[in-house]
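Novice: structure, please.
(3 chains)
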Amino acid sequence: MSRRGAPAVAAALFAALLCIAPFLLSTYWVDVLDSVGLYALLALSLNLILGEAGLYDMGHAAFFAVGAYTAAILSTSLGIPVLLTLPASGCAAGLFAALVALPVLRLRGDYLLIVTIGVGEIVRIALVNDAFGLTGGSNGIFGIPRPVLLGWRLRTPEQLFFLIWGAVAVTVLVFGRLSASRFGRALRAIRDDEVAAEGSGIDTARAKLTVFVLGSAWAGMAGTLFAAKMTVISPESFGFWESVLVFAMVLLGGAGSIPGVLLGAFLVAGLPELFRGLASARMLVFGLALMVMMVVRPRGLWPRRAGGGP
Amino acid sequence: MEELLQQLTNGLAVGGIYALVALGYTMVYGVLRLINFAHGELFTLGAYLGFTFLTSFAFAGRVGPIAGLGLLALLVMGLVAVTGALLERAAYRPLRDAPRLSAVVSALGASIFLQNALMLVYGARFQVYPDEALPNRAVRLFGAQVPVMRALVVAASAALMAALWLFVHRTRFGTAIRAAAIDRDAARLAGIDVDRVVLAVFLIGPALGGAAGLMVGLTYGQVGFTMGWGYGMKAFTAAILGGIGNVPGAMLGGLLLGVVEALGSAYLSTAWKDAFAFIVLIAVLLVRPTGLLGERIAEKA
Amino acid sequence: MSLLELQGLSKRFGGVAAVDGVSFGVPDGVTGLIGPNGAGKTTVFNLITGNIRPDRGTVTFADTDITGLAPHRIVARGIARTFQAIRLFGGLSVLDNVLAGADAGLRAGLLASVLRLPAQRREERDVREAGLAELEFVGLAGKGAAPAASLAHGERRRLEIARALAARPRLVVLDEPAGGLNESETADLSGLVRRIRARGVTVLLIEHDMGFVMEVCERLVVLEHGVKIAEGPPEAIRRDPRVIEAYLGAAEGDPA
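Specialist: Below you'll find the predicted structure:
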């Protein structure tokens, strides 16, 4: 039982530390933690697609963008409270993902990688060019109202912290349970050998479509939280670079491992902040750190065990 | 008609550069099944090295314009090739038997590292090639005014591609490279020194990429530390479009993308220029899931 | 009518007929599909399990036409398979490999899994019990938590069979189950195949090990160059001049 107990204690300790963090840290660092939390949402949702199902998706930012813009447009032009746009953002991103997935998901490995990069770029360029007359071009959309939760208007990083990390907690619970279910098992089987998975009776096409839509819809809902936090969004927040960062978080932490992916989010989103003292050399060190960490731990820092739970 | 011809030649010129860079992606991928995300930065390195040599040594004044450019190109290609081989040693060789995606992340790290190293050395602002050192006349070709420099660049990229094609298809070592690209383990069993093949593709690919960077510097005059990502991504798209791992495919894909972009931005929309490549790619992959010339399956099952 | 009926199956690859008008039935019991290398045996298997579609002909299973169905649907109809080159899920535990094989019979949806509804928990508990029972049946009791990649070759073969049985099939299709096994492992496999048959599951297998084939199979179907050249009980096949010639002509392989 102790093998199961130790991670539970570690998780509880981590959660407790997080809960008191906003009271101990400066506003600047709480804001950094808010960003880490948003990245954690993106990384956990990409982990479902990339880590569990093994679908090479390097365009996750596109679905994040669809969600964020849905929230921004609905809240600024129709006056819908921004947090109430969550279902709409999720649906919009999920629908877009389904549209992309139907023709594209039959592509294998690296072909899927470049196509998802391409989808990400097309979305960004469409936003810059204000393709639908709704997105404000390269200036983006501003004046997104502050989120209101149970009558409280959330303004400070400390207040947003609990909203964002609450969402992370829900995500960990939901995805952890999915991962431990027949759905997670089917995804990992597909990742290991798609032909054998189909031959074992798994409806691989359906499972791949489901996970791609679900992970993307989740990124769309993370987009709502991002729009609510920033109050201003513009295309440059949704470029290739964001997709790359989230991709790196999943693999650096350990594909398929929820604690690993959280660690990856902390490292990838947090390390450049810690390296701030290095001024302009910080990204140099960051790139080097990525290389070294992958060479030293090719399966990630906290990989999933073959036998164990999530 | 004149306009169309102009756009076509522009497209072929850019396409030749995409093709040269795409060759580096496709050769490395063919042998190692690795997407070398740092390849775009090797291209940038070539552009910057050209700038350094041009501003430091008066090549043209000493040995004449054409010989000077040739010497410059050899120097740049050699140095970028060595960098490529070092990159393989540091970032990829330790991961050759690791899960495939960990090498992708290592490559992304290498790309970030090289890009920022270039920024620290050369500064964050654009650098401009000294045009007094370069031939700046224009010649009339098929009724269009073409700057000499651009004509030289097109000729050089054609010559490099022809040389590579001959090397890969007509020499023993080229056959070894193609064999390793089809099946690395079988090639090893057949007595091919796979490590030498890997070293070769990490010398040849970066050399061609570096040459392409130099050509961009010579044609457009400006170089910046982020330029590798745009060209690199287009070139990677070109490699996939042609069928990744396939040398003629990369050439075809590069030229095709260059022309599509030139015509698309001239006749459809300049603002969407950077999206055309991806739209064409997705359209082609829907019809041919392994690219235009990609015969074999993308991944071994 | 037999449980499985192949009727005039043909498949060409790039102008070469891999399988050409093959018809035979698989009744209850153990049937062997034999023939020299390149005779089209694995292609016939792939046509049965839906991995490739025939150019012509039909596959009928339990009186229903299953030609051209997706592989996972064919598993759900009651045909499970193993692969010639063992294809396990190396990153999954041994038990999870078996549970993946049971997926087609599970009902729980996403929401039920997230909410851990009682029905989902019950289903998961039952499938685990059944999976452990399958592991015990093939002789892998106690190995459930190990990573599948850590198993020895013979154990992998048996795990693949357990994964196929987990689908609760009426017919299992085994592609060279004795491949790479030593003598005592092959003997164990004969026992396992008999016990599968004793459960009422029909077996169709491809095998090159003629000793094994003659021992476990009640009927044989012989292919050569994509065409069926003989069919019948092992004793008759062993004496069939066409079969002897096919084997002697193709290689030094001895049918007896």
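Novice: isn't B:Ala107 right up against B:Asn36?
Specialist: Yes. Contact criterion Cβ atoms under 8 Å: B:Ala107 and B:Asn36 qualify, at 5.7 Å. (C-beta placed from N, C-alpha, C; glycine too.)
Novice: more crowded one of those two?
Specialist: B:Asn36 (31 against 24; other Cβ atoms under 10 Å in any protein chain shown).
Novice: for that one, grab phi and psi.
Specialist: According to degrees, to the nearest 10, the main-chain angles of B:Asn36 amount to phi -80, psi 90.
Novice: what's the local residue count around residue 22?
Specialist: No chain in the question, so chain A it is. 20.
Novice: correction: the question concerned chain B.
Specialist: Neighbour count of B:Ala22, defined by other Cβ under 10 Å: 37.
Novice: that one contacts B:Phe236, correct?
Specialist: Yes. If you go by Cβ under 8 Å, B:Ala22 and B:Phe236 touch, sitting 7.1 Å apart.
Novice: what residues are up against the most centrally placed residue in chain A?
Specialist: In chain A, the C-alpha closest to the average C-alpha coordinate belongs to A:Leu42, at a distance of 0.6 Å (Cα atoms, centre = their mean). Taking Cβ atoms under 8 Å, 6 or more residues apart in numbering or on different chains as the criterion, A:Leu42 is in contact with A:60, A:64, A:219, A:222, A:242, A:246, A:249.
Novice: which one of those is nearest chain B?
Specialist: Chain B lies nearest to A:Met249 out of the contacts of A:Leu42, by Cβ to the nearest Cβ, at 9.7 Å.
Novice: surely the closest one is in a strand?
Specialist: No. Secondary structure of A:Met249 (DSSP: H, G, I helix; E, B strand; the rest coil): helix, not part of a strand.
Novice: now for the closest residue to C:Ala146 other than its chain neighbours, how many residues are close by?
Specialist: Leaving aside its chain neighbours, C:Ala146 sits nearest to C:Val94 (5.3 Å; criterion: Cβ to Cβ, 6 or more residues apart in numbering or on different chains). Neighbours of C:Val94 under the rule other Cβ under 10 Å: 29.
Novice: distance of C:Val94 from A:Thr210?
Specialist: Counting by Cβ to Cβ, to the nearest Å, the gap from C:Val94 to A:Thr210 is 26 Å.
Novice: same question for A:Arg177.
Specialist: 15 Å.
Novice: dihedrals phi and psi, B:Pro147?
Specialist: According to degrees, to the nearest 10, B:Pro147 has phi -60, psi 140.
Novice: gap between it and chain A?
Specialist: 30 Å (Cβ to the nearest Cβ, to the nearest Å).
Novice: wait, that residue touches B:Asn136, no?
Specialist: Yes. Under the criterion of Cβ under 8 Å, B:Pro147 makes contact with B:Asn136 at 7.2 Å.
Novice: show the pLDDT at residue 99.
Specialist: You didn't pick a chain, so chain A it is. Here the pLDDT value assigned to A:Leu99 is 95.
Novice: chain C is the one I meant
Specialist: 98.
Novice: so which other helices or strands are in contact with the lengthiest helix in chain B?
Specialist: Looking across chain B with DSSP state H, the single longest helix is helix B:2-32. Contacts defined by 3 or more Cβ pairs under 8 Å, 6 or more residues apart in numbering or on different chains; DSSP states H and E place helix B:2-32 against helix B:39-56, strand B:144-147, helix B:148-170, helix B:172-182, helix B:194-220, helix B:227-242, helix B:247-267.
Novice: got the angle between that helix and helix B:39-56?
Specialist: Orientation check (axes from the mean of the first three to the mean of the last three Cα atoms, to 10 degrees): helix B:2-32 against helix B:39-56 gives 120 degrees.
Novice: longest helix in the chain, please.
Specialist: You didn't say which chain, so I picked chain A. helix A:204-230.
Novice: meant chain C, my bad for not saying
Specialist: From DSSP H, the single longest helix across chain C is helix C:118-137.
Novice: the helix or strand that that one is followed by - what's its average pLDDT?
Specialist: The helix or strand immediately downstream of helix C:118-137 is helix C:153-166, counting by DSSP states H and E. Mean pLDDT, computed over helix C:153-166, is 97.
Novice: so B:Asn124 sits in a strand?
Specialist: Quick fix: residue B:124 is Ala, not Asn. No. Counting by three-state DSSP, one finds B:Ala124 to be coil, located in no strand.
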